[in-house]
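> Here is my input, please return the structure:
(chains A and B)
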Amino acid sequence: MPTDQPAEFEHQLVALRSYLMRFARLQLRNDAWAEDAVSETLLAALAKPLAFEARSQLKTWLVGILKHKIIDAMRQRQREVVLECGSGDDSTDPLEHMAFKRDGHFAEKPADWGNPEQDLNSRQFFVILEACTDKLPAVQGRLFLMREWLELSSDDICKELGLTPTNLYVQLHRARLRLRECLELNWFAAR
Amino acid sequence: MNAWLRKLPLMRSCKEVTALLIAREDRELPVVEQLALRMHMAMCKACPPFERQVLSMRNAMKNWRHYTDGSDGSDGTDSGR
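All right, here's what the predicted structure looks like:
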């Protein structure tokens, strides 16, 4: 990369710090942990500046490193990561808030969200999606993003965090239903 | 659905089916539940739209994952919030 001076590379990294912090915070739900994971990511990038081919791939490369650093961070803090599991504000099943009749059938038909591909690929939609994810109770949010952002299997999540499958599934069930409700209120019904 | 139908072994209520459709995102359902789910979906008018919502969310997360990777070609300087 003859045109890139080392200082230029450092400048590019610094410019991407806030971008990385946004996802580290969303996943870890703890500012200090996020700060550490992003710092480690940037240090790793500085240690191996030639590992990227072109600037267009820098962001992808950094996000890949960040995901590994975040998984390490959660493994090290596994007890804290799932600490409030099953207690406090996340103890209700959102299924109980949905409109079911006493016999368990829908009281009203769920809304047709439509599904224009472009709509769900817009920046405005992603802002709502991230806000809804951020509103999940911390443990639910972490576990949900381990599935959906870090792309870990349920088995791997249980292994990394020392959780039982039952416990994991209860949390994911609540997270997904809450997210559904939030998206319906703030995106699909609001349009 | 008639009350007597729900007494049959493979009959599930919409509420149970809702839970199965959500669970399917994270684990493979036992075959009996897969079958019960399909039978319910074939005769229920309310659950198919819910299933489409779940599939929309699945798509949305995939799109978002792609977007967070920076593979959308944006320059990354936008903090987004």
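
> Can you list the buried residues in the biggest helix by length in chain B?
Determined from DSSP state H, the single longest helix within chain B is helix B:47-68. Buried residues in helix B:47-68, defined by neighbour count with 16 or more other Cβ atoms under 10 Å in any protein chain shown: B:47, B:50-54, B:56-57, B:60-61, B:63-65, B:67-68. (Each C-beta comes from the backbone N, C-alpha and C, glycine too.)

> give me every residue that touches the spatially most central residue of chain A.
With distances taken as Cα atoms, centre = their mean, chain A has A:L145 as the residue nearest its mean C-alpha position (3.4 Å). Applying Cβ atoms under 8 Å, 6 or more residues apart in numbering or on different chains to A:L145 gives the contacts A:L26, A:Q27, A:T133.

> so how many other residues sit close to B:G70?
Other residues within reach of B:G70 by the criterion other Cβ atoms under 10 Å in any protein chain shown amount to 21.

> Isn't it up against A:K59?
Yes: between B:G70 and A:K59 there is a contact under Cβ atoms under 8 Å: 3.0 Å.

> what about the chain, any weak spots by pLDDT?
Let's take chain A. A:1-6, A:50-56, A:84-91 (pLDDT under 70).

> wait, chain B
B:1-8, B:71-81.

> list the helices and strands the helix or strand harbouring A:R178 packs on?
Using DSSP states H and E, A:R178 falls within helix A:165-183. Packing partners of helix A:165-183 (3 or more Cβ pairs under 8 Å, 6 or more residues apart in numbering or on different chains; DSSP states H and E): helix A:123-134, helix A:138-148, helix A:154-161, helix B:14-23, helix B:47-68.

> Go again with 6 Å.
helix A:123-134, helix A:138-148, helix A:154-161 (3 or more Cβ pairs under 6 Å, 6 or more residues apart in numbering or on different chains; DSSP states H and E).

> now it against helix A:138-148, angle please.
For helix A:165-183 against helix A:138-148, the angle by axes from the mean of the first three to the mean of the last three Cα atoms, to 10 degrees is 90 degrees.

> residues of helix A:165-183 that come out buried?
By 16+ other Cβ under 10 Å, the buried positions in helix A:165-183 come out as A:167-180, A:182-183.

> what does chain A have sitting close to chain B?
A:15-16, A:18-19, A:22-23, A:59-60, A:63, A:100, A:104-106, A:109-110, A:112-113, A:115, A:120-121, A:126, A:129, A:148, A:154, A:172-173, A:176 (Cβ under 6 Å from any Cβ of the partner chain).

> Please check those and keep the buried ones.
Among those, the ones that count as buried by 16+ other Cβ under 10 Å are A:16, A:19, A:22-23, A:59, A:63, A:100, A:105-106, A:110, A:113, A:120-121, A:126, A:129, A:148, A:154, A:172-173, A:176.

> and stretch A:167-179, how far from the chain's centre?
14 Å (Cα atoms, centre = their mean, to the nearest Å).

> Count the neighbours of A:E96 for me.
Neighbour count of A:E96, defined by other Cβ under 10 Å: 9.

> show me the contacts for it.
By Cβ atoms under 6 Å, 6 or more residues apart in numbering or on different chains, the contact set of A:E96 is empty.

> Need the three-state assignment for it.
Three-state call for A:E96 (DSSP: H, G, I helix; E, B strand; the rest coil): helix.
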